[in-house]
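Colleague: Provided below for reference: sequence and predicted model.
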Amino acid sequence: MAELKNTNIDLENIKLSDFVPSNGRSIIGAFLIEGGSLILVKEVLNKRVAMSFFNSTTKSKIQTSERYEQYNGQNIKEVRGDYVLSSKITVDIDSGAESVYEEVVTGSNILYSNRRARYTKKEFKLLWDRFITQESSKGEGKKRKIKEVEKFHLMVFDEKVKFLRSKFRSLFKTRWELGIEPEELFLSKDEFASFDKDNDFRSALQKVLDLESPLLNKSAGEMYSNIIKYCE
């Protein structure tokens, strides 16, 4: 774990050089937390983060075992109407790293879940605010999809082919960049059901697969069968 080198540390201007990293590790952050009562120092080794805590007044180091006993497994819950918000703290006894697993639940349904570092230098939104943002985004996304389907119905056949092909290419590019093997399933089940209400949709889809067949080295017929099997 990191050690404090500069006992005359300026709390208004904390520097990484104020601390000495443990063997093999590099210090990647140091800042005040808990209203300025503690200094958190973050180190990294082989992509694994370690954390050290210091009392900002006495400059004494707080042992990981103390943090573990005080916080590990602590689950903070809040009820908002039909929703239960929970934030469970985990303290890694070896690295001192502290994380929080968050959930928003209604009944037996988990509507939002997230694991994050317990402390960050940049302030983050409260759990409830992040949940509301997610739900709002879902609503906006649904509106966009409805408008997209409405526009599709008004297109002529060649425009429908071009539109579907652009969706195919966009997902192909994203998967390729992420190192995921591209495949023909470029529409979700909901999207397929919405577009399938259009009389030209399946013919336009087959045309797209004919055009993209060399890209995936599969026959258009095989890809079409896979899509139908997945979506229906």
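Modeller: Nice, thanks for sending it over. Given the structure is predicted, the values throughout are model-derived calculations rather than measurements. Residues are numbered from 1 along each chain as shown.
Colleague: Now do the buried residues in stretch 55-64.
Modeller: Applying a neighbour-count criterion of 16 or more other C-beta atoms under 10 Å, one finds 56, 61, 64 buried in stretch 55-64. For every residue, glycine as well, the C-beta is placed using N, CA and C.
Colleague: how about those in TSV, adding pLDDT, secondary structure and distance to G73?
Modeller: Converted to TSV, the buried residues of stretch 55-64 look like this (pLDDT from 0 to 100; DSSP: H, G, I helix; E, B strand; the rest coil; distance: C-beta to C-beta, whole Å):
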residue	pLDDT	secondary structure	distance to G73
S56	95	coil	26
K61	95	strand	23
T64	96	helix	15
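Colleague: Make JSON lines out of the residues you listed and add distance to E103.
Modeller: Shown next, in JSON lines, are those (distance: C-beta to C-beta, whole Å):
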{"residue": "S56", "distance to E103": "32"}
{"residue": "K61", "distance to E103": "33"}
{"residue": "T64", "distance to E103": "26"}
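Colleague: And those residues, which is closest to K167?
Modeller: Using C-beta to C-beta, T64 is the member of these that sits closest to K167, with 49.8 Å.
Colleague: contacting residues around the closest one?
Modeller: By C-beta atoms under 8 Å, 6 or more residues apart in numbering, the residues touching T64 are 1, 91, 93, 96.
Colleague: can you pick the most crowded of those residues?
Modeller: Highest neighbour count within those, by other C-beta atoms under 10 Å: G96, with 24 neighbours.
Colleague: residues contacting the residue nearest to the spatial centre of the chain?
Modeller: Centrality entry for the chain: nearest residue to the mean C-alpha point is N114, 7.6 Å, by C-alpha atoms, centre = their mean. N114 is in contact with 101-102, 130, counting by C-beta under 8 Å, 6+ apart.
Colleague: switch to 6 Å and redo it
Modeller: E102 (C-beta atoms under 6 Å, 6 or more residues apart in numbering).
Colleague: list the buried ones in the longest helix seen in the chain?
Modeller: What stands out as the longest helix in the chain, according to DSSP state H, is helix 127-154. Across helix 127-154, burial judged by 16+ other C-beta under 10 Å covers 127, 130-131, 149, 152.
Colleague: And K61, how far from D200?
Modeller: From K61 across to D200, the span is 70 Å (C-beta to C-beta, to the nearest Å).
Colleague: cool, K147 as well?
Modeller: Counting by C-beta to C-beta, the gap from K147 to D200 is 19 Å.
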